[in-house]
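Participant: what's the 3D shape of this:
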Amino acid sequence: MTFLYPTAFFAVFLVTVPVLIHLLVHRRAERLVFPTLRFIQPARLASMRRRMLDDVPLLAVRVAILGAAIAALAAPLLITSARERAWNARVVRETVAGADLRDGLRRAVAALGHAPPARREIVVASAFPIGSLTPADIAAVPTSIGLRFERIGALPETRSTADTRVLADGGAVLSRQLTLAGARTSVREARAAEREPFPIEVDAPPGAKPALDAAIAAVLSQRVWAPPAGRRARLVIAGRPTPPVTPANAPWMADAIARMSRDSDLRTAASHTTGISLDARFVAPPWQVVAVSDDVGAELAPPAPLIVVAASGSDLLVVSAASPLDIVTPVLLRSIVNSLAVLPDLRQAEVVTISDSQLRAWSRPAPPPAAPRLDSPSLEDVSDDRPWFWAATLALLALEGWMRRARATDVNGGAGDVARVA
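Facilitator: Reported below is the predicted structural model:
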């Protein structure tokens with residue numbers, strides 16, 4: 001036996017109400033016909049307090065009425081073999097298809113959380129290009145849900161991405177096209193423009209220009225994605241005054257901040273920066289902390305920032321406490337430029353599939369259902385045993401009424417005044 005809504009038992013204190021009534025109620029004395037009072041000796045009046053419970057069977061029935069009603073409100077559920085067989089015979093299935101299998105799995109798990117007791121299963125139908133699912137995605141599916149994979153369709157043998165632009169040495173703009181053929185990837189580059197200005201305006205102390213030029217040259221030599229027109233940033237470093245700032249509310253700014261925050265190379269470089277940080281005013285909004293130096297951030301709460309981001313007009317404003325000569329500066333420049341760009345989604349160009357053996361390793365049968373969880377949103381669909389308890393409550397109410405009438409008849413012998421009971 002389990003109860004789907006055990007919080008209803010907080011009302012169990014109500015069973016004390018009949019007991020208190022039986023203890024506190026005042027009964028009227030019976031009237032007896034007596035011929036004369038002259039043989040009765042006068043006595044002093046004295047009050048007497050009745051502490052004994054009267055009519056214990058009737059009291060027990062009244063307590064049982066309240067107990068049965070409270071148990072009915074708690075939704076009792078008797079786990080019988082018949083119920084378990086019925087649950088096990090039913091299968092609730094969700095099908096996942098489409099380009100974004102990760103999101104489909106999350107939606108399917110959420111939908112099955114609202115299903116009544118049954119064996120639950122997710123069927124994933126796709127061509128399964130590499131990267132569409134990972135072991136982390138599979139681990140996020142509860143083990144109480146079965147998984148089945150059905151391969152549909154096939155990927156082309158070769159596929160090319162649309163032309164994307166990158167910045168190269170000297171600010172030259174190159175058009176880049178990737179071609180995927182099986183496990184082989186080839187890149188074709190062609191000059192698209194002679195030169196474009198660097199998309200970051202840097203404000204640094206006097207004398208830092210040689211170090212900054214070297215940092216920018218190092219970034220361009222490694223190729224960075226070219227941002228679209230209208231997306232620019234301003235970098236203020238080493239304590240230079242900052243322009244007026246506003247919250248970074250533009251969608252592309254929010255995306256850029258998120259990418260910089262997830263840049264593992266930037267976080268690693270920041271963790272190796274010691275003894276420097278921005279002052280406390282850069283912690284409050286509209287500033288958003290992107291990186292914190294390891295030794296400073298570990299000691300202060302909230303951690304003192306090393307790199308923060310906000311907006312200044314139509315530009316993304318980045319403030320860094322690092323010196324232009326610090327290793328974190330070129331890493332930061334590369335991170336800013338790449339975060340401003342619109343990156344191509346290479347997953348849509350994939351031509352290699354997840355192997356059948358891997359899909360079999362991820363597959364698992366739908367296990368037998370467990371008893372409904374108390375936190376399950378599907379409790380409203382569970383057929384419980386409340387009707388039986390409500391029927392017992394009504395039967396006890398009828399019994400209580402019959403006992404009261406029978407007591408009144410016995411006390412008065414069918415005539416005279418009727419004694420009032422609780």
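Participant: The most centrally placed residue in the chain and residue 92, how far apart?
Facilitator: Residue closest to the mean C-alpha point of the chain, counted by CA atoms, centre = their mean, is residue 110 at 10.3 Å. Distance, residue 110 to residue 92, by CB to CB, to the nearest Å: 13 Å. Every residue, glycine included, has its C-beta placed from N, CA and C.
Participant: Likewise for residue 362?
Facilitator: 20 Å.
Participant: Enumerate the positions of stretch 245-263 that are buried.
Facilitator: By neighbour count with 16 or more other CB atoms under 10 Å, stretch 245-263 contains the buried residues 245, 248, 252, 253, 256, 257, 259, 260, 261, 263.
Participant: And the pLDDT for the first one?
Facilitator: When you say that, I think you mean residue 245. Here, the pLDDT recorded for residue 245 equals 92.
Participant: now swap in the fifth one and tell me
Facilitator: Predicted confidence (pLDDT) for residue 256: 95.
Participant: I'd assumed residue 338 was in contact with it.
Facilitator: No: assessed by CB atoms under 8 Å, residue 256 is found out of contact with residue 338, at 9.1 Å.
Participant: For the stretch 251-400 of the chain, which segments are assigned as strands?
Facilitator: Listed in chain order, the strands of the stretch 251-400 of the chain (DSSP state E, counting those that start in this stretch) span 288-291, 307-312, 315-320.
Participant: Which of those sits closest to residue 205?
Facilitator: strand 315-320 (12.3 Å; CB to CB).
Participant: tilt between that closest one and strand 307-312?
Facilitator: With axes from the mean of the first three to the mean of the last three CA atoms, to 10 degrees as the basis, strand 315-320 and strand 307-312 are set at 150 degrees to each other.
Participant: Strand partners (parallel or antiparallel) of strand 315-320?
Facilitator: Neighbouring strands of strand 315-320 in its sheet, by DSSP bridges, are strand 233-237 (parallel), strand 307-312 (antiparallel).
Participant: any idea which of those is most buried?
Facilitator: strand 307-312 (a mean of 24; mean count of other CB atoms under 10 Å).
Participant: Residues contacting that strand, please?
Facilitator: Among residues not part of strand 307-312, those counted as contacts by CB atoms under 8 Å, 6 or more residues apart in numbering are 234, 242-250, 253, 256-257, 260, 266, 270, 278, 282, 286-291, 316-322, 328, 332.
Participant: Can I get it as PDB, trimmed to CA atoms?
Facilitator: Taking Å, rounded to 0.1, in the frame of the first residue of the first chain, the C-alpha atoms of strand 307-312 are listed here in PDB:
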ATOM      1  CA  ILE A 307      37.900  40.600 -18.000                       C
ATOM      2  CA  VAL A 308      34.400  42.200 -18.100                       C
ATOM      3  CA  VAL A 309      32.000  43.000 -21.000                       C
ATOM      4  CA  ALA A 310      29.300  45.600 -21.500                       C
ATOM      5  CA  ALA A 311      28.000  47.700 -24.400                       C
ATOM      6  CA  SER A 312      29.000  51.200 -25.400                       C
END
